[in-house]
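S.K.: would you be able to build a 3D model of this:
(one chain, ligands or ions: 1)
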Amino acid sequence: MKIGFIGIGHMGGPMCRNIIKHSGFEVSVFDLNPEAVQACVDVGGIASASMAELAANSDVIMTSLPMPKDVEAVTLGPGGIAENAKSGSIYIDLSTNSPIMVKKIAVELEKKGITTIDAPVSGGTIGAEKRTIAIMVGGDKSTYEKCMPIFESFGANISHLGDIGSGCIAKIVNNMIAFCNMGAAAEGLMLGAAAGIDPEALNQVIRTSSGNSMSYRGVAYKTLNGDWSPSFTIDLAYKDMHLALELADELAVPLQVSPQVHNLMRMAKGMGFGGDDATAIMRVYEETLGREVRKKS
Ligand code: NAD
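M.R.: Numbering: from 1, shown residues only. Predicted structure coming up:
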């Protein structure tokens, strides 16, 4: 089986390198960033000259791209997968994508004899490096089973959720919960600091109390160190919250907390922090109140 991987950034990079190292399959790679390509070539990947070349030579084509519009361009746009992939090939989208977009792509690719499954992932860049990420799959079950050796080469908790788009729905719900948690963590840390408690001492208490969570620990670590370098940007988190709100609109499900957190991210983007780590929603509170929450140096 020949694999082609498009989009080897923060998340796609480590996932692709693990497929190269652990699947035993030949892996071709394509990205707009030559350094990202080189990092995969260094561990045995093959650089493709274009998306078209990659798509034409692969049995399974995988993407990990930022926005739904990027996935649409790579799949249905000029020089993309629909135009160039072989009939009988499989397309796996690992991006956190809109379920509506994934279904549209699946319908279009089906016309060319290409089967689509959505397989968004969770666990962050560290999980991607360590091969512990969760993979949430939607689409044809037998195609899912056929792709299992690929999934097992880069992830750990692999689930089939249902029809095409189901993986994206599970992922969007997961991220909605995680980001609401982050918003609460940022507010809580600021409230405690403003009330005069040493942030590091407060952090030690929360880490061993009921406020603890993976999202909380992420916000606390980045805040106390004043380190907003991204492994997952505010821009991507904002996109995910938008997808959750869009899904709720479609289904008329009331959301109370999520729209507030979406707005918090909108403020962060408006303040110029869109390229920072998602935990930098704390910066909205810091800028508003004119105080930082840091550990003592
Ligand atoms: P990223 O911006 O770091 O990487 C995206 C890569 O795609 C870049 O290398 C970019 O050059 C490439 N790219 C963009 N358009 C392209 C095109 N037309 N052709 C070829 N390459 C193109 O983003 P990321 O953080 O790796 O996120 C990718 C996806 O994974 C997103 O949907 C995100 O929501 C999801 N995700 C990210 C994380 C994380 O922790 N970063 C975790 C889970 C899921």
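S.K.: from the chain's centroid, how far away is the longest helix along the chain?
M.R.: Counting residues, the longest helix found in the chain (DSSP state H) is helix 166-194. Centroid separation for helix 166-194 versus its chain: 15 Å, with Cα atoms, centre = their mean, to the nearest Å.
S.K.: and whichever helix or strand comes after it, what does it pack onto?
M.R.: Going down the chain from helix 166-194, the next helix or strand is helix 199-207, by DSSP states H and E. The contact analysis (3 or more Cβ pairs under 8 Å, 6 or more residues apart in numbering; DSSP states H and E) places helix 199-207 against helix 166-194, helix 214-225. Heads up, the C-betas are built off the backbone N, CA and C, glycines and all.
S.K.: ok, is the last one in contact with the ligand or not?
M.R.: No: in terms of Cβ under 6 Å from any ligand atom, no part of helix 214-225 sits within range of the ligand; the closest distance is 10.4 Å.
S.K.: spit out the contact partners of the closest residue in space to Gln260 that isn't next to it in sequence.
M.R.: What sits nearest to Gln260 in space, not counting adjacent residues and going by Cβ to Cβ, 6 or more residues apart in numbering, is Gly183, at 7.1 Å. Contacts of Gly183 were listed using Cβ atoms under 8 Å, 6 or more residues apart in numbering, and they are 257, 260-261, 264, 281.
S.K.: please pick the buried ones from these.
M.R.: 261, 264, 281 (16 or more other Cβ atoms under 10 Å).
S.K.: I figured Ala128 was touching Arg17, is that so?
M.R.: No: taking contacts as Cβ atoms under 8 Å, Ala128 lies outside contact range of Arg17: 9.0 Å.
S.K.: quick one: which of the two has more around it?
M.R.: Ala128 (26 against 23; other Cβ atoms under 10 Å).
S.K.: any idea where the strands of the stretch 1-150 of the chain begin and end?
M.R.: Taking DSSP state E, counting those that start in this stretch, the strands of the stretch 1-150 of the chain run over residues 2-6, 26-30, 46-47, 60-63, 90-93, 115-118, 121-122, 134-138.
S.K.: strand partners of the third one, parallel vs antiparallel please.
M.R.: Taking DSSP bridges as the criterion, strand 46-47 sits next to strand 26-30 (parallel) in its sheet.
S.K.: so how far is the strand it pairs with from its chain's centroid?
M.R.: Using Cα atoms, centre = their mean, the offset of strand 26-30 from its chain centre is 20 Å.
S.K.: that one vs strand 2-6, what angle?
M.R.: If you take axes from the mean of the first three to the mean of the last three Cα atoms, to 10 degrees, strand 26-30 sits at 20 degrees to strand 2-6.
S.K.: sorry, back to before: the longest helix of the chain to helix 199-207, inter-axis angle?
M.R.: Interaxial angle, helix 166-194 versus helix 199-207 (the same axes, to 10 degrees): 130 degrees.
S.K.: find the nearest non-adjacent residue to the spatially most central residue of the chain, please.
M.R.: Closest to where the C-alpha atoms of the chain average out (Cα atoms, centre = their mean) is Thr96, at 5.1 Å. Nearest non-adjacent residue to Thr96, counting by Cβ to Cβ, 6+ apart: Pro120, 4.9 Å away.
S.K.: state the distance from Ala178 to Met214.
M.R.: Ala178 sits 7 Å away from Met214, going by Cβ to Cβ, to the nearest Å.
S.K.: so Phe179 sits right up against Val261, yeah?
M.R.: Yes: the pair Phe179 and Val261 passes the contact test of Cβ under 8 Å, sitting 5.4 Å apart.
S.K.: list residues touching both of the two?
M.R.: Met241.
S.K.: so what's the residue count around the nearest residue to Asp140 once chain neighbours are set aside?
M.R.: Nearest non-adjacent residue to Asp140, counting by Cβ to Cβ, 6+ apart: Thr115, 6.0 Å away. Thr115: 20 surrounding residues under other Cβ under 10 Å.
S.K.: returning to what we had before: so Ala178 and Met214 - more neighbours on which side?
M.R.: Comparing Ala178 with Met214 by other Cβ under 10 Å, the one with more neighbours is Ala178, at 17 against 11.
S.K.: which residues does the residue lying closest to that one once chain neighbours are set aside contact?
M.R.: Leaving out its chain neighbours, the residue that sits closest to Ala178 by Cβ to Cβ, 6+ apart is Ser215, at 4.8 Å. By Cβ under 8 Å, 6+ apart, the contact set of Ser215 is 178-179, 181-182, 185.
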